[in-house]
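Colleague: fold the following, please.
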Amino acid sequence: MSWKPAKGPGLVQQVLKSLPYTSPAPNYDEKRSSKPSSRLSFFRRRIRLKGNSSISVPLGFVLLFPSIVVILIIILIIRHPSSSGRILVPAGTPPSIRRISEKHDRVFATGCLDPEVQNKGPRANAAFVVLARNKELDGVIQSIKSVERHFNRWFNYPYVFLNDGDFEQEFKDTVTNYTSSPVEFGKINATMWGYPDW
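Modeller: Residues are numbered from 1 along each chain as shown. Below is the predicted model:
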């Protein structure tokens, strides 16, 4: 009698089918691909420049380029020396001393000089000449206060006030009250006060 293999699934295959199935452990590539997408994957997403174009660009480049341009424009506006809108400079800071061209305008001194030392040197034969009318008293007082505070309280140069009319006594008294320097008042004719006819 000869032995013949049985037709159909073998015994081992039947046993394997009857056992509960466990999936094999994932390999490294499968783990990496099944990893949840990172936050930056949004920027890697490719977009087409035109609807049916074959050229696509990562979204990160599309957003990065305009951002860099805007930042550079803001930096150039803030750093430009002639910019009047120095937005980020605090209000209480004094202005910086700018260098001027020494080819034509050489400065005598940079910064502040000691007035007591400067007063001992030779003095210029000079006076402050002010063209003013009686109605301009408030502006004249502000100017005298500024000149006295910054310069003339140490040097005492005289003031000469000129008008095309007569100065009122109130004008004279108020002006002399704001300075210890000698003050003179004069009257000039209308042709000297206004613009020339030619």
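
Colleague: residues in contact with residue 45?
Modeller: 58-59 (C-beta atoms under 8 Å, 6 or more residues apart in numbering). Heads up, the C-betas are built off the backbone N, CA and C, glycines and all.

Colleague: measure the closest residue in space to residue 155 that isn't next to it in sequence to residue 153 for me?
Modeller: Nearest residue to residue 155, sequence neighbours excluded (C-beta to C-beta, 6 or more residues apart in numbering): residue 119, at 6.1 Å. Distance check for residue 119 against residue 153: by C-beta to C-beta, to the nearest Å, it reads 11 Å.

Colleague: and if you look at residue 131?
Modeller: When distance is defined by C-beta to C-beta, residue 131 is 23 Å away from residue 153.

Colleague: who does residue 159 bridge with?
Modeller: residue 128, residue 183 (DSSP bridges).

Colleague: does it touch residue 185 like I think?
Modeller: No: the pair residue 159 / residue 185 is not scored as a contact, 9.2 Å apart, by C-beta atoms under 8 Å.

Colleague: those two: which is more packed in?
Modeller: residue 159 (22 against 17; other C-beta atoms under 10 Å).

Colleague: and the gap between the more buried one and residue 127?
Modeller: 7 Å.

Colleague: then residue 55?
Modeller: 78 Å.

Colleague: so between these two, which is more surrounded?
Modeller: Higher neighbour count among residue 55 and residue 127: residue 127, with 14 against 8, using other C-beta under 10 Å.

Colleague: ok, and the closest non-adjacent residue to that one?
Modeller: Here the residue nearest residue 127, using C-beta to C-beta, 6+ apart, is residue 158, at 4.7 Å.
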